[in-house]
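[1] Below: sequence and its predicted model.
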Amino acid sequence: MIVLQSIIAIALFILGLVALLLGLGMILTREYLDAIRNLTRESSNLGAKAAHDAAFLPLLEGASRLVEAVTRMVQTAVGVGAFLCLLGAGLCTLAYWMISQVTG
């Protein structure tokens, strides 16, 4: 029984570390930053064109919605990363508690 608890605790600790690292990776990567910069730059270009021609107004509105959608996507990715960090920390804590029960 002690061997089984130890194996489960080690597996939980490894899963916790993986979840923690994946969460930190999701939070710290800046993969969407270039997309947001490009969308913002193109939106400002469309804004300048829309000032001269009313036909560009629907394009400007669409670009604005696209920037908002990408911003929400980044916020969601950061939220998932934070959840994975908390889950990983919880799994590591649970694994530590299990090992302390086996050895103590």
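    Happy to help now that I have it. Numbering: from 1, shown residues only.
[2] Where does pLDDT dip in this protein?
    Across the chain, the ranges flagged by pLDDT under 70 are 50-51, 56.
[3] any idea how far residue 20 is from residue 27?
    Residue 20 is 11 Å from residue 27, where distance means Cβ to Cβ, to the nearest Å. Where C-beta positions appear, they are placed from N, C-alpha and C, glycine not excepted.
[4] so residue 31, which of the three states?
    Look at residue 31: counting by DSSP: H, G, I helix; E, B strand; the rest coil, its state is coil.
[5] and it, how many neighbours does it have?
    By other Cβ atoms under 10 Å, 9 other residues sit near residue 31.
[6] Same question for residue 14.
    Residue 14 has 13 neighbours, counted by other Cβ under 10 Å.
[7] same question, residue 5
    When neighbours are defined as other Cβ under 10 Å, residue 5 has 13 of them.
[8] more crowded one of residue 20 and residue 27?
    The neighbour count for residue 20 versus residue 27, taken as other Cβ under 10 Å, is higher for residue 20 (19 against 15).
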